[in-house]
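A.B. asks: the sequence isn't on hand, but the structure is:
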């Protein structure tokens, strides 16, 4: 039943019961890397004499394109390129990424969808080699029929890779849902013709996600609980 849900969340749960494919975002959706990202960004800001961000402030300002987000926090491109800033970020972030764990309940959620015969994929703005390594490290790579990241570390749009994923695996967009944690995930899903559910436990605040006009749940566990008919948290 979905009577406890309202509006967009109820519609998303009803839609999820019809789809045959789920496409997952990675950072902030499956893996809990928020604290590491904030720590890494603050290292960049401190080196440049800029004020650090609290996790709450970061979640209110982070978004895509990454260049615009960098400008919002004071990292301009007058003397540095996007590639240089990305490399600087990953010099802090990458060595500690392996210490990050999955959000609570993620293996169980993936298992529930797998047991239901739902095809699962990952579509991420992370560099693909790092993405594949992390999914293996976290012990969840086997849940995914395909894993699609970017060819670089600059974190730009996932739209092109998403279109390639749909083509390569012959996925009908009408039968698929994207689950992510940012308004960019909603934008990519809309452009690809996918339905969407967003989680508020990642890199953007619930307020930002609500403004995207998509269904918003607390986390992946809340989505699967509602899907099973025994959850009421959004």
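C.D. replies: Thanks, I have it. Note that the structure is predicted; figures quoted are calculated from it, not measured. Residues are numbered from 1 along each chain as shown.

A.B. asks: in the longest helix along the chain, what counts as buried?
C.D. replies: The helix spanning the most residues in the chain, taking DSSP state H as the definition, is helix 82-97. Neighbour counts over helix 82-97 (16 or more other C-beta atoms under 10 Å) mark 82, 85-86, 88-90, 92-93, 97 as buried. To be clear about C-beta, it is placed using only N, CA and C from the backbone, and glycine gets the same treatment.

A.B. asks: and of these, the nearest to residue 150?
C.D. replies: Ranked by distance to residue 150 (C-beta to C-beta), the buried residues of helix 82-97 are led by residue 86 at 10.7 Å.

A.B. asks: show me what the longest strand seen in the chain is packed up against.
C.D. replies: When the chain is parsed with DSSP state E, its longest strand is strand 119-127. Secondary-structure packing of strand 119-127 (3 or more C-beta pairs under 8 Å, 6 or more residues apart in numbering; DSSP states H and E): strand 21-24, helix 106-115, helix 128-137, strand 146-150, helix 159-168.

A.B. asks: returning to what we had before: so which pair among the buried residues of helix 82-97 is furthest apart in space?
C.D. replies: 82 and 97 (20.3 Å).

A.B. asks: wait, what's in contact with the closest residue to residue 151 other than its chain neighbours?
C.D. replies: Counting by C-beta to C-beta, 6 or more residues apart in numbering, residue 151 lies nearest to residue 128, which is 6.7 Å off, once chain neighbours are set aside. Residue 128 makes contact with 147-151, according to C-beta atoms under 8 Å, 6 or more residues apart in numbering.

A.B. asks: okay, the closest residue to residue 139 other than its chain neighbours: pLDDT?
C.D. replies: Using C-beta to C-beta, 6+ apart and skipping residues adjacent in sequence, the residue nearest residue 139 is residue 107, 7.5 Å away. The per-residue pLDDT reported for residue 107 equals 96.

A.B. asks: residue 107 against residue 142, yeah?
C.D. replies: No. In this structure residue 107 lies outside contact range of residue 142 using C-beta atoms under 8 Å: 10.8 Å.

A.B. asks: comparing the two, which residue is more hemmed in?
C.D. replies: Higher neighbour count among residue 107 and residue 142: residue 107, with 15 against 10, using other C-beta atoms under 10 Å.

A.B. asks: what's the spacing between the more buried one and residue 187?
C.D. replies: As defined by C-beta to C-beta, to the nearest Å, residue 107 lies at a distance of 28 Å from residue 187.

A.B. asks: how about residue 72: what's its closest non-neighbour residue?
C.D. replies: Among residues not flanking residue 72 along the chain, residue 61 sits closest, at 5.1 Å (C-beta to C-beta, 6+ apart).

A.B. asks: residue ranges with poor pLDDT in this protein?
C.D. replies: 1-6, 152-157, 230-234 (pLDDT under 70).

A.B. asks: picking up where we left off before, and the longest helix of the chain, what other elements does it pack with?
C.D. replies: Looks like helix 82-97 contacts helix 34-47, helix 66-72, helix 128-137 (3+ C-beta pairs under 8 Å, 6+ apart).

A.B. asks: adding distance to residue 54, write these out as JSON lines.
C.D. replies: Compiled in JSON lines, the helices and strands packed on helix 82-97 are given as follows (distance: least, C-beta to C-beta, whole Å):
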{"stretch": "helix 34-47", "distance to residue 54": "8"}
{"stretch": "helix 66-72", "distance to residue 54": "15"}
{"stretch": "helix 128-137", "distance to residue 54": "26"}
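
A.B. asks: residue 66 and residue 75 touch, don't they?
C.D. replies: No. In this structure, residue 66 is not within contact of residue 75 by C-beta under 8 Å, at 10.0 Å.
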